[in-house]
Structures are given as structure tokens and as C-alpha cells.
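Peer 1: Predicted structure and sequence below. I'll ask about it afterward.
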Amino acid sequence: MAFRTSRHGPAPSSRHPQPPTQHPQSGTRRPGPDARRRRLPMRFVLPLLILLALMAMLMLRGYAHSEILADHRVQPEAATDKVPEKILKGGPVIDTRSGRTTSLSVPDHRLVLTFDDGPDPTWTPKVLDVLKAHRAHAVFFVTGTMASRYPELVQRMVEEGHEVGLHTFNHPDLSYQSKKRIDWELSQNQLALAGAAGIRTSLFRPPYSSFADAMDNKSWPVTQYIGTRGYITVVNNTDSEDWQKPGVEEIIRRATPHGGKGAIVLMHDSGGDRQQTVQALDRFLPDLQHQGYEFQNLTEALRAPSAHTEVTGLELWKGKAWVYLVQASEKVTDALVVGIAIIGVLVFTRFGLMLLLSAAHARRVRRKDFRWGPAPITEPVSVLVPAYNEAKCIENTVRSLMASEHPIEVIVIDDGSSDGTARIVEGLRLPNVRVVRQLNAGKPAALNRGLANARYDIIVMMDGDTVFEPATVRELVQPFADPSVGAVAGNAKVGNRDSLIGAWQHIEYVMGFNLDRRMYDILRCMPTIPGAVGAFRRSALERVGGMSDDTLAEDTDITMALHRDGWRVVYAEKARAWTEAPESVQQLWSQRYRWSYGTMQAIWKHRRALVERGPSGRFGRVGLPLVSLFMVLAPLLAPLIDVFLLYGIVFGPTQKTIVAWLGVLAIQAACAAYAFRLDRERMTHLISLPLQQILYRQLMYVVLLQSWITALTGGRLRWQKLRRTGVVEAPGSIPRQRAARSGNDRRPVG
């Protein structure tokens, strides 16, 4: 697996969509990279194609299991006045081909055993074993669904000398069906036979058929039409009624003809437990053979040419392709079922851990006697604000820091901005605020530059689009009273939550991030100190080499490095910071793509922790698996919930499917409500939770799938600078005169 971060062009933190460029000679404008991406959005097309392929496999599997297009209606008895008398009083073999209306009976002392509804993977092999042991032949009327799923059994039937007949594909009552549907049932059944054994057959048995005298005005037209398609209809004149499981003795009694007459005996090798059928067959065959009976194929008994015709050429390959696809759909669906089971276990495990451990965390830190150390932290701290083209946000950010209740120095590191970010900060002329300029080198380099210029031993880091509350810094640094604490994660909040996409991110931040941080704090394997609000002990940073640009998630990278070095990383719930979340799907995709890919890079970078000892090994064997399962695997598999939901609503047990999905949603809502209660947030934002669960999952699926593809192919992922509007201000911050903005500053959702 190759993880690479692009090093071409601007430094990582400054990489942003390029505007259209102007051709130097013609003066015409050429579309920039964004325009090209819009013309070919492969990041959306590829995941969509994969989802459609999975849905197609699921539907094919449903069709092969008679869940799609199945018709289970059975026609009640009707009048028989339109059925020829010679058919009603004739034999069980009915031939209406070429305008004929004839029937045939099996000669005396010849029995044609027929088995319906197979092949079955459990009982058909046992039936075949008994027939082989007693050197008997039979006719198997197979359905297309079963023949497609178990082609090796059809092949065995043919190889061992048995005949195969059609029993339709989905087993519907054909008297309810149109001629087009009848043709479809026959052709699909033949297609399955061609793929399974390379043959066609001229034998047909209608589903739900009985004796010839049971033919009525509804079934007779079907029999006539079947004849025009080249088939001989085979019913029976001796019914073992084994499907009722009356007992071995009773099955033998019902299957035995009287007076040495020939018969076509109806049995079943599928459709349920056929143990009695197998046991009865093992006794029935030798008993009647001793009485002079022969057990033959139908054409053998009638002294007629074989019903089988070899299939070659295109028809053979079409059949093989069909069987291959059905087999593939079975395997894919089995994998999907495993996937849905995994995601179910992961989701409920995560919910359980979050609820139990976050409650334990809240009880611990909210006790009246809880203290991080013997004395509170009161010494000044350094606040680092890396900034690249943050002109719209930087004033709000710096002014919010000036309202801090804790003594601070502020260092704004201007990373080669081209929009006057540094001049804006300098123009404010605020005390204890310094600007450090550097050529564009990326966020990690900017933070390291700020660290080199910081005066104090505790370092607070924040983004240039984030604002702090007055108490944020004070609450953020108190855990450093414990000398084992090397870093502290704050409580990042979405400031622009008035749009639908902002509300979704608000739910995600409160539930997905902050509950997670409480859980990881208890487990002592916090994976990420958020770039928007985090604090570090200077000595801890220096011991691990400072901020690294090896990955696109430098915050996750440094956090994992601190764990491996033996430092505790904790969560300070009262250290609230308000950040401006992406306001369009495009921006959100860009941000989460970077986060996902960067997280995967960090996991890969620190993979040796899995086999190391000490604190590094503990994090490797606890933290890395949890992060991989909950942050990478679970979101990647989550769309399976929606695939099965859609399938269940359209084709499956709709009511049960909806109830199951609502049950999962109720559990998610309960977790979200608990998270909102812990964070003292208004519950009204949870109104959009159901829609978030349906749509947001798909976006995360696209992001993670694209990240996997980028990782596996060794692609280079470039940072993208998100468009900011500067609309977020913290409660209690120093106010300023808001400049009028163009409506274009706020981009619509979508």
C-alpha cells in the first residue's frame, strides 16, 4: 500500500483549487483543474458504479431465490368441459405438439420415478446416491432457480443417466401467466440447463400439476400452448405425497402401483426435509425390483428418443455466462451479508462503548472534587495560529483570543498568504499578538515555526478560521497539572449550523467526534487532537520531533506519536471552540477526503506499534485497531445498510425491513440525544438525523472508497483550501464592526 502526499506546486496547507488560466497568446480562458474535475467526476462515478453493481448482484440473487418476479398464486379448480375426454381419461404423458392431442401411459412393470423442485444441495445428492446404489434411473423436473444455483447437481444427473425436465424458472402457476411470461419461464429454465449441463430438454411438468384427470379449462390452454413450443407435458398417475411427510411406510404404500401396472411416480428432492423420501426410496427400489419392475427414464420406458439435446455454440456460452453470474451473485451476496453483519457488530459495539465510557468520563470529570493535579495551571501559554489566506476569518479568530480569561501570547504564522492576512492582524495592534511571516511551506512547517518562536512551555494550537470562548484556553490547559499528560483535545463545535449540511456536521461533531473522544480518553488511545482546538506540552512535542508533514492529517500523526512516546492524551469538554464547517458538498468532500486519506496514512505510518512493547505497543494493539475499525472500515461498509434497506423495501419483507431500519435509527437517535445532553445542545437539530443517516453515509462511502483507491494505487492527494466566509464568532468574544459582504460569500448547500 503506497501512501504519498503531493509535493509539487504550493505547500500542503496552501493547495487550493486553481482559477481558470488565460492562454498567453490567444487570450482565451482555459478551464482550471476544478472545471476538468466537474466534467469527469470519477470520485462519484466509480462509487456509484460499484453500488449499482452490488445492487444488480443482489437483485440477481433475489431473482434466483424467487424473491423477485415470483408469483405464488395457485388457481382454484375450474370446469373441465373444454378439455378433451381422451386427455381426462388418458395417460400422464400429454403431447400437443404440431396440433396433436394425444396421451401416453407407461407400460406395465416399468416405473418412472420423478422428482420435483430440485436440485437441492442437501437432499438431491442423497437421492442420487440411492438411485446409483440400486442402478435405477429417474426424471428430475428442475426449476431454473435451483439449477442456476447448483449446476453441479444437474451435471451429475445427466452424467449418471437420468433425464432432466423443465419445471419453470420461478415455479409460478402458469394458468395465471401471459404467453410472454410462459415463454420467459421456459427459456430461462433452458438457459439454466444449458449452463449447468450443456443440454436442452423436451420434457415439461407444470407447477402445481396433478393427474391427467385434474386438467381443467384453466390449465388445458397452457398445456396446448406448451405443445406449440415443442414440449411434452408430463404429469403423474401415482403420487407418493412425500411432501406431507406421512412416514416411510405410507410413502412406500402410496408410491406402489397395483397389479403390476406401469406408473409415473411423483416425489420431491427439494422444498424441505426429505429424509423420509430418501429412506422410503432405499426400501422401495429393491422391493419393487424383486417384483420385476424396472426403474427407467421416461423415454426409456416409452422406447422413444432421448429428451436431451446437446447445446453448442452461442447458446452454450450464454448458459454458462448465466450460471456464472448467478454463482457470482451468490458469492457477492454472501460477502454482503458478512459485511452487513460486520457493520452491525461495529455499529452496536461502538454505540455501546460510547454510551458506557462517555458516561463514565462525564461522571469522572464532573465530580465536584475532581482535579487534574494539586494546583491549577495559571502560567501563561502560547497560542499558535497558522494562517494561509484567512483574511475573512483571522480578525474574528484573534479578537476571540483577546477575550481569553487565561494569560496568553498569540503568534499568528502567516504561511505566505496572498490576501493580506498578516496585514490585517498587524493592523489590529492588539497586545501580546505577534505575526511571524514565512514563505509558503505548509501547516506543519508553520506550526513548527510558531513553536520555535513561542515563549512558554504549554502550546495551544488552533485554526485560522476558529474562534475561542473566553474560558477555552483556561479549560484547555488545566489537564497539564497532571505531569503524565502530553496533549489535550478540546471540544470543537460547528458555528455555521443554520444550513442543512451544517446541521448534519453539527450532529456529527457532537455525536461522532466528542462522544468518541470521551470513549477514547477512558481507553487511553485518543486518535486525534483536533487542529481547531488542541494543546501540547512543549517537551512532549520536542521529544517526538515536532509536527510532521509525512501525512495530510498532521494532527492525527502527532497524536499517535505522543501515545507511542508514553504520553497521556485527554479530552477537555469545557474547552469549546467554534469552527466554520464546509458549506457545500464539494467543500465537505474535499475536507473529509483529506481527513480520511490522512488518517489512513497515519495508521500506516505507525503500524509498527502493533508489534512493539511498552506504551507504543499498547496503543498499537488497542488504539490502531479501534481507529481502523470505527473510522475506516465501518464508514466504508455503512452503505450496505441502505442497499439492503432499498432491496428489502422493494422486493423483500417491506414491513420487517422498515421496522429493522427504524430500530437502528432509534438506537442512533438515543446515542445522539445522549451526546447532545452531555454537550448541553438543543435537541431540535436532531430533526435532520434520519436524512443525515441516509445521505451522509453515501458521501462518507465515496470519500473512503476514493481514499482507498488513492492509497492502493499510490496516487498523490493534494490539499485543498476551503472557501471561508468569516461568519463564525464565539459567545463572549470582543465584538467588531462587521463589514458588509456580498451574497456570493455564502455558497449554497449542494
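Peer 2: Received the coordinates, thanks.
Peer 1: Can you tell me the element residue 671 falls in?
Peer 2: Secondary structure assignment for residue 671, by DSSP states H and E: helix 654-678.
Peer 1: pLDDT averaged over that helix - what is it?
Peer 2: Averaged across helix 654-678, the pLDDT comes to 85.
Peer 1: distance between that helix and the chain's centre?
Peer 2: 18 Å (CA atoms, centre = their mean, to the nearest Å).
Peer 1: and the next element down the chain from it?
Peer 2: helix 689-713.
Peer 1: Could you give the average pLDDT over that following helix?
Peer 2: The pLDDT scores in helix 689-713 average 75.
Peer 1: Could you check that helix and say which residues are buried?
Peer 2: For helix 689-713, a neighbour-count test (16 or more other CB atoms under 10 Å) marks 689, 692-693, 696-708, 710-711 as buried. Placement of C-beta: from N, CA and C, glycine included.
Peer 1: Would you mind getting the angle between it and helix 654-678?
Peer 2: Taking axes from the mean of the first three to the mean of the last three CA atoms, to 10 degrees, one finds helix 689-713 and helix 654-678 inclined to each other by 90 degrees.
Peer 1: elements contacting the helix holding residue 671?
Peer 2: For helix 654-678, the contact count by 3 or more CB pairs under 8 Å, 6 or more residues apart in numbering; DSSP states H and E identifies helix 313-365, helix 515-523, helix 639-650, helix 689-713 as packing neighbours.
Peer 1: Run through who's touching it.
Peer 2: 347-348, 351, 354-355, 358, 362, 507, 510-511, 514-515, 518, 573, 641, 644-645, 648-649, 682-683, 685-686, 689-690, 693 (CB atoms under 8 Å, 6 or more residues apart in numbering).
Peer 1: Taking those residues, please make a PyMOL selection of just the buried ones.
Peer 2: Buried subset of the contacts of helix 654-678, written as a PyMOL selection, criterion 16+ other CB under 10 Å:
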select buried, resi 347+351+354+355+358+507+510+511+514+515+518+573+641+644+645+648+685+686+689+693
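Peer 1: ok, residue 164 - how many residues close by?
Peer 2: Number of residues near residue 164 (other CB atoms under 10 Å) recorded here: 25.
Peer 1: can I assume residue 552 is in contact with residue 600?
Peer 2: No - checked against CB atoms under 8 Å, the pair residue 552 and residue 600 is beyond contact range at 9.5 Å.
Peer 1: Strands of the stretch 401-550 of the chain, start to end?
Peer 2: With strands called from DSSP state E, counting those that start in this stretch, the stretch 401-550 of the chain shows them at 408-415, 433-438, 458-461, 466-468, 485-494, 534-537.
Peer 1: Neighbouring strands of the last one in the sheet, and parallel or not?
Peer 2: Right, strand 534-537. Strand pairing for strand 534-537, determined by DSSP bridges: strand 458-461 (antiparallel), strand 485-494 (antiparallel).
Peer 1: Can you lay out these as JSON lines showing mean neighbour count?
Peer 2: As requested, these are exported to JSON lines (neighbours: other CB atoms under 10 Å):
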{"stretch": "strand 458-461", "mean neighbour count": "25"}
{"stretch": "strand 485-494", "mean neighbour count": "26"}
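Peer 1: export those to a markdown table and tack on distance to residue 436?
Peer 2: A markdown table is the format used below for these (distance: least, CB to CB, whole Å):
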| stretch | distance to residue 436 |
| --- | --- |
| strand 458-461 | 14 |
| strand 485-494 | 22 |
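Peer 1: Ok, which of these comes nearest residue 232?
Peer 2: Comparison of the strands paired with strand 534-537 against residue 232 by CB to CB identifies strand 485-494 as nearest, at 72.2 Å.
Peer 1: show me the contacts for residue 432.
Peer 2: Contacts for residue 432 were tallied using CB under 8 Å, 6+ apart; they are 408-410.
Peer 1: now residue 643: how far from residue 632?
Peer 2: Here the distance between residue 643 and residue 632 works out to 19 Å (CB to CB, to the nearest Å).
Peer 1: just residue 75 next, same as before
Peer 2: Summarising the geometry, the distance separating residue 75 from residue 632, computed by CB to CB, is 54 Å.
Peer 1: higher neighbour count, these two?
Peer 2: residue 632 (17 against 14).
Peer 1: surely that one meets residue 603?
Peer 2: Yes - because the distance of 7.4 Å satisfies CB under 8 Å, residue 632 is recorded as touching residue 603.
Peer 1: Need the overlap of contacts for those two.
Peer 2: If you check residue 632 and residue 603 against CB under 8 Å, 6+ apart, no residue is contacted by both.
Peer 1: For the strand ranked longest in the chain, the averaged confidence score.
Peer 2: Residue-count comparison of every strand in the chain, with assignments taken from DSSP state E, identifies strand 568-579 as the longest. Per-residue pLDDT values across strand 568-579 average out to 94.
Peer 1: likewise stretch 521-535?
Peer 2: Mean per-residue pLDDT for stretch 521-535: 93.
Peer 1: Looking at per-residue confidence, what score does residue 682 get?
Peer 2: Reading off the per-residue confidence, residue 682 sits at a pLDDT of 87.
Peer 1: Setting aside sequence neighbours, what's the nearest residue to it?
Peer 2: Taking CB to CB, 6 or more residues apart in numbering, and ignoring the residues beside it in sequence, residue 682 has residue 676 as its nearest neighbour in space, at 7.4 Å.
Peer 1: count of residues packed around the one you found?
Peer 2: Neighbouring residues of residue 676 were enumerated by other CB under 10 Å; the total is 21.
Peer 1: and what of residue 389?
Peer 2: Residue 389 is surrounded by 22 other residues when neighbours are defined as other CB under 10 Å.
Peer 1: Which parts of the stretch 501-650 of the chain are helices?
Peer 2: Along the stretch 501-650 of the chain, counting by DSSP state H, counting those that start in this stretch, helices occupy 515-523, 538-543, 554-564, 585-605, 614-618, 624-627, 634-637, 639-650.
Peer 1: which of those helices sits most buried?
Peer 2: Each of the helices of the stretch 501-650 of the chain was scored by mean neighbour count; the highest is helix 554-564, a mean of 26, by mean count of other CB atoms under 10 Å.
Peer 1: For the residue nearest to residue 456 when sequence neighbours are not counted, which three-state class applies?
Peer 2: Spatial nearest neighbour of residue 456, chain neighbours left out: residue 382 (4.6 Å); criterion: CB to CB, 6+ apart. With DSSP: H, G, I helix; E, B strand; the rest coil as the basis, the three-state label of residue 382 is strand.
Peer 1: gap between residue 382 and residue 619?
Peer 2: Taking CB to CB as the measure, residue 382 falls 27 Å from residue 619.
Peer 1: Compare those two (neighbour count), which wins?
Peer 2: For the pair residue 382 and residue 619, the greater number of neighbours falls to residue 619 (28 against 23), based on other CB under 10 Å.
Peer 1: so what pLDDT did that one get?
Peer 2: The confidence metric pLDDT takes the value 94 at residue 619.
Peer 1: Check the gap between it and residue 459 for me.
Peer 2: 22 Å.
Peer 1: and what of residue 640?
Peer 2: In this structure, residue 640 lies at 43 Å from residue 459, with CB to CB as the measure.
Peer 1: Same check on residue 495?
Peer 2: 24 Å.
Peer 1: again with residue 627
Peer 2: The separation that residue 627 has from residue 459, given CB to CB, amounts to 24 Å.
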